[in-house]
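Student: Provided below for reference: sequence and predicted model.
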Amino acid sequence: MKILIINNNTRHLFYLKKALAAHELEVVIYEPGVRLNCDDKDLVILSGGGGEGNEINDTVDKGKLWYDDEMEFILKCKKPIVGICMGFEVIARAFGSEVKEMDDLIRGYKSFTTTPAGEKAFSRRNIKQYEAHKWYVPSIDSQQFDVWAKSPSGIEAIRHKTLPIIATQFHPEKDGTLALSHMIAQVC
């Protein structure tokens with residue numbers, strides 16, 4: 001499978017590459033104005049961020065959000081998309097959801113529960129996954145997305161109802177209950 005990784009300056013690129021070692025990868029580091037093209041790809045993965053200062057609400061020129069170009073790409077892309085952490089937040093924002101900052105950074109392996117739809121998709125009621133984020137999505141448009149998992153800090157996993165898009169606040173590229181390959185299988 002040919003995969004485009006849009007690298008939002010993740011600290012976990014090593015784990016992404018390791019989890020996707022059997023595939024042909026192209027990695028593009030995201031910044032405003034970068035040309036994103038997935039025409040010859042089978043899948044797009046939006047990575048997490050890395051705390052380098054480019055957060056979901058950061059602006060560049062004249063009030064333009066840092067991730068505006070990536071959000072536009074998501075809305076036009078005709079290929080399956082998997083969003084991880086920052087990628088999840090960018091997808092949620094692209095489809096009109098609010099993304100809020102938490103008081104404290106969440107880091108480490110956390111346990112949470114799937115919804116009935118998530119339990120069916122993941123074949124699990126309880127999940128333990130690595131998380132590292134300071135932002136959360138409190139709600140999402142239920143006309144567009146099914147929520148597959150929640151935690152006390154917000155929504156953890158979503159699946160678009162009509163488009164091949166799945167996203168997780170957690171990091172499936174790191175060891176945990178769910179592997180990145182399971183996320184990919186949900187959209188490909």
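Tutor: Done, it's in.
Student: quick check: longest strand of this protein.
Tutor: strand 100-114 (DSSP state E).
Student: contact partners of it?
Tutor: For strand 100-114, contacts defined as C-beta atoms under 8 Å, 6 or more residues apart in numbering pick out 55, 57, 121-122, 124-138, 148-153, 156-157, 170, 176. The way it works is simple: take the backbone N, C-alpha and C, and place the C-beta from them, glycine included.
Student: in its sheet, what does that strand sit against?
Tutor: Strand 100-114 pairs in its sheet with strand 126-136 (antiparallel), strand 145-151 (antiparallel), by DSSP bridges.
Student: Those into a markdown table, with extra columns for mean pLDDT?
Tutor: As requested, the strands paired with strand 100-114 are arranged in a markdown table below (pLDDT from 0 to 100):
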| stretch | mean pLDDT |
| --- | --- |
| strand 126-136 | 91 |
| strand 145-151 | 95 |
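Student: same question for the longest strand of the chain, mean pLDDT?
Tutor: Per-residue pLDDT over strand 100-114 has a mean of 91.
Student: Kindly report the same for stretch 65-79.
Tutor: Confidence over stretch 65-79 (mean pLDDT, whole number) is 95.
Student: Report the buried residues of that stretch.
Tutor: For stretch 65-79, a neighbour-count test (16 or more other C-beta atoms under 10 Å) marks 65-71, 73-74, 77, 79 as buried.
Student: what's the straight distance from one end of it to the other?
Tutor: This stretch, stretch 65-79, spans 24 Å end to end (C-alpha to C-alpha, to the nearest Å).
Student: what's it in contact with?
Tutor: 6, 8, 30, 32-34, 36, 38, 41-44, 46, 54-60, 81, 90-91, 93-95, 164-165.
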